[in-house]
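sequence-free structure coming up:
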């Protein structure tokens, strides 16, 4: 019998309007978004940023680069979304799967010592700052307002290795023609800061709607990806960061010609989703729920979602366009001793 979580995700692709409502498109330059309202069960949780602001959660370094320690003291469920980046420790990281921590953080639900009273969680991470391995301000991390743009996010999804993430960041650096003075430690966060004014201008042109939970994004008339949440308040709090990630994609392709007279509509989006031929895998989440990952047969699309109580806590899918390729052999040039610490 097919896994229930996978069935729910498959239904989204087969008949999107059963789960989602698509609103009127909004456009700026070569970027168009279709606001999404989630029709599934709304879940009560707060974002990791809100939990940090309230002093209810901390993220710390461990002895392994590919793992971070989270201590949750919130009396609410806390979402650490896929693609969020954290700054600090010995190098900046990204969290490569969606994680929903139980309220209170009192139970160890990471798969070991079940039933023990424990506030600590070990969560998976990948490096987004290659050339630093020293503390700047201690072992702690803070989540940043920088989310991964689609090409880097595509490589960060768990089926990809650390080297693929580094390669894509280097490809992005080359595409944007950043000189050596920008992000000398190869920090993705510092690279994106260099175009902050441009991305903010684009973000301000889009308006959040009542009950909106996400967006579908088109660049140069092509469907690029979707991100949405089962909580409109969390979406509103995080929407600017998510929009900024997609605007990076629009800046990457701003000089590419496209048919500006062609209007995007929800029928195109539905057709695009239904045409994807995807392979699904599932596993127990580190916190609550199950993680469902999916990849298209042509290897152009990847995504993941966290399913809890039959609801899609966070849903994310993107395509990769340009950037690094499987034949790219730059990886060895950019790896440092840090890479040897990965298991």
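Great, that's in hand. Note that the structure is predicted; figures quoted are calculated from it, not measured. Residues are numbered from 1 along each chain as shown.

Identify the residue spatially nearest to residue 258, adjacent ones excluded.
Spatial nearest neighbour of residue 258, excluding adjacent residues (Cβ to Cβ, 6 or more residues apart in numbering): residue 220 at 3.8 Å. C-betas here are computed from N, CA, C, even on glycine.

what about that neighbour, how many neighbours?
20 (other Cβ atoms under 10 Å).

Show the pLDDT at it.
Note for residue 220: predicted pLDDT of 94.

Check the spacing between it and residue 27 real quick.
11 Å (Cβ to Cβ, to the nearest Å).

Pick out the residue nearest the middle of the chain.
With distances taken as Cα atoms, centre = their mean, the residue of the chain nearest its centroid is residue 83 (2.6 Å).

where does that residue fall, phi/psi-wise?
Torsion angles at residue 83 (phi, psi; degrees, to the nearest 10) stand at phi 90, psi -10.

can you list the weak-confidence ranges in the chain?
Where the chain drops to pLDDT under 70, the residues are 1, 105-118, 326-343.

how does it look with 50?
Filtered on pLDDT under 50, the chain yields the residue ranges 105-118, 327, 329-343.

Give me the longest helix you can find in it.
helix 232-252 (DSSP state H).

picking up where we left off before, dump the residue contacts of the residue lying closest to the residue nearest to the centre of the chain once chain neighbours are set aside.
Closest residue to residue 83 apart from its sequence neighbours, by Cβ to Cβ, 6+ apart: residue 148 at 4.5 Å. Applying Cβ atoms under 8 Å, 6 or more residues apart in numbering to residue 148 gives the contacts 83, 85, 94, 128, 156, 188, 245.

State the distance from residue 148 to residue 193.
Counting by Cβ to Cβ, the gap from residue 148 to residue 193 is 15 Å.

quick one: which of the contacts of residue 148 sit in strands?
Cross-referencing those against strands under DSSP state E gives 85, 94.

Quickly check the contacts of residue 148 for the two that are furthest apart.
128 and 245 (12.7 Å; Cβ to Cβ).

Settle it for me: which of these two has more neighbours?
residue 128 (27 against 23).

The more buried one: what's it in contact with?
85, 91, 92, 93, 94, 148, 152, 165, 169, 187, 188, 189.

which non-adjacent residue is nearest the fourth one?
Of all residues not flanking residue 93 in the chain, residue 125 sits nearest, at 3.9 Å (Cβ to Cβ, 6+ apart).

show me the residues around the one you found that make contact.
Contacts of residue 125 (Cβ under 8 Å, 6+ apart): 65, 66, 67, 68, 86, 93, 94, 95, 96.

Same question for residue 213.
Taking Cβ under 8 Å, 6+ apart as the test, what residue 213 contacts is 36, 37, 38, 228, 229, 230, 231, 232, 235.

between the residues you listed, which is closest to residue 269?
Nearest to residue 269 among the contacts of residue 213, with distances taken as Cβ to Cβ, is residue 36, at 9.5 Å.

Hmm, that closest one is touching residue 22, no?
Yes - here residue 36 reaches residue 22: they are 6.4 Å apart, a contact under Cβ atoms under 8 Å.

and for those two, which residues touch both?
Between them, residue 36 and residue 22 share the contacting residues residue 216, judged by Cβ under 8 Å, 6+ apart.

More neighbours: which of these two?
Counted by other Cβ under 10 Å, residue 36 and residue 22 do not tie: residue 36 has more neighbours, with 27 against 17.

Tell me the bridge partners for the more buried one.
residue 22, residue 214 (DSSP bridges).

can you map out the helices along this protein?
Per DSSP H, the chain carries helices over the ranges 4-14, 48-53, 150-156, 162-175, 188-193, 196-203, 232-252, 266-275, 331-334.

out of these, deepest packed?
Of all these, helix 150-156 has the most neighbours on average by mean count of other Cβ atoms under 10 Å, namely a mean of 27.

From the contact counts, what lies against that one?
helix 162-175, helix 232-252, strand 311-319 (3 or more Cβ pairs under 8 Å, 6 or more residues apart in numbering; DSSP states H and E).

now the second one: how far from the chain's centre is it?
Looking back up the chat, that one is helix 232-252. The gap between where helix 232-252 is centred and where its chain is centred comes out at 10 Å by Cα atoms, centre = their mean, to the nearest Å.

cool, and the first one?
Between the mean C-alpha point of helix 162-175 and the mean C-alpha point of its chain there is a distance of 16 Å (Cα atoms, centre = their mean).

can the contacts of residue 148 go into TSV with extra columns for distance to residue 289?
Conversion of these to TSV gives the following (distance: Cβ to Cβ, whole Å):
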residue	distance to residue 289
83	17
85	22
94	20
128	25
156	20
188	28
245	23
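
Looking at the contacts of residue 148, which is nearest residue 211?
Set against residue 211, the nearest of the contacts of residue 148 by Cβ to Cβ is residue 245 (22.1 Å).
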